[in-house]
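S.K.: sequence? don't have it. structure:
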């Protein structure tokens with residue numbers, strides 16, 4: 001027998017010796033999964049929050065659209081008149097366009113930041129209730145562990161372990 005084969009056999013034997021005593025304890029282990037993202041979005045309050053955020057996003061878009069059009073107009077005017085304008089006038093138009101674009105970009109970023117803040121403000125209380133409900137279900141059903149299905153660590157799990165619908169139902173009741 002080759003040395004590598006002996007080492008592999010010893011490792012396998014050691015792993016089995018360590019693993020076998022844990023098998024009876026693993027049989028009593030209760031595991032569940034919940035898709036927090038789905039629960040947040042599918043709940044009634046989550047849908048209301050999403051609707052509010054969509055309305056705010058549309059409002060911000062309407063506010064910024066005229067400014068965007070004004071910047072485009074400056075560029076179009078400069079392109080249309082570049083053969084009849086002096087170099088100084090063209091340079092002035094370029095500076096005006098850059099200023100307009102920079103101001104627009106700053107305001108777009110401010111609008112995005114405001115949307116993120118509003119999203120946190122609207123979803124944080126729902127997420128807190130969701131965590132409380134998941135904890136309550138874990139205690140009631142005596143689960144040893146509840147994992148978030150939407151995290152990258154869960155690659156596969158049977159649907160029988162998923163308690164997301166139960167969580168959504170309780171979230172809608174509160």
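M.R.: Now that the structure is in, tell me what you want to look at. No experiment lies behind these values; they were computed from the predicted model shown.
S.K.: tell me the centre residue of the protein?
M.R.: In the chain, the residue lying closest to the centroid (CA atoms, centre = their mean) is residue 37, at 7.7 Å.
S.K.: Got phi/psi on the closest residue to that one other than its chain neighbours?
M.R.: Leaving out its chain neighbours, the residue that sits closest to residue 37 by CB to CB, 6 or more residues apart in numbering is residue 150, at 4.5 Å. From N, CA and C alone the C-beta is placed, and that goes for glycine too. The phi/psi pair for residue 150 (degrees, to the nearest 10) reads phi -80, psi 0.
S.K.: Which residues are in contact with residue 150?
M.R.: 35-38 (CB atoms under 8 Å, 6 or more residues apart in numbering).
S.K.: In helices only, show me those residues.
M.R.: 36-38 (DSSP state H).
S.K.: Just give me the neighbour total for residue 111.
M.R.: 17 (other CB atoms under 10 Å).
S.K.: Contact partners for it?
M.R.: Residue 111 is in contact with 60, 63-64, counting by CB under 8 Å, 6+ apart.
S.K.: Looking at the ones in helices among the contacts of residue 150, which is nearest residue 94?
M.R.: residue 37 (45.6 Å; CB to CB).
S.K.: show me where the protein has strands.
M.R.: 31-34, 145-148 (DSSP state E).
S.K.: Output the contacting helices and strands for the first one.
M.R.: I take that to be strand 31-34. With contacts taken as 3 or more CB pairs under 8 Å, 6 or more residues apart in numbering; DSSP states H and E, strand 31-34 sits against helix 87-140, strand 145-148, helix 164-173.
S.K.: Packed most tightly, which of those would that be?
M.R.: Across these, the average number of neighbours (mean count of other CB atoms under 10 Å) peaks for helix 164-173, which reaches a mean of 17.
S.K.: can you list contacts of it?
M.R.: Under CB under 8 Å, 6+ apart, the answer for helix 164-173 is 33-35, 38-39, 42-46, 126, 129-130, 133-134, 136-137, 149.
S.K.: can you give me the angle that helix makes with helix 87-140?
M.R.: Taking axes from the mean of the first three to the mean of the last three CA atoms, to 10 degrees, one finds helix 164-173 and helix 87-140 inclined to each other by 100 degrees.
S.K.: Quick one: distance of helix 164-173 to the chain centre.
M.R.: 20 Å (CA atoms, centre = their mean, to the nearest Å).
S.K.: With stretch 117-129 instead?
M.R.: 13 Å.
S.K.: What average pLDDT does that stretch get?
M.R.: Per-residue pLDDT over stretch 117-129 has a mean of 94.
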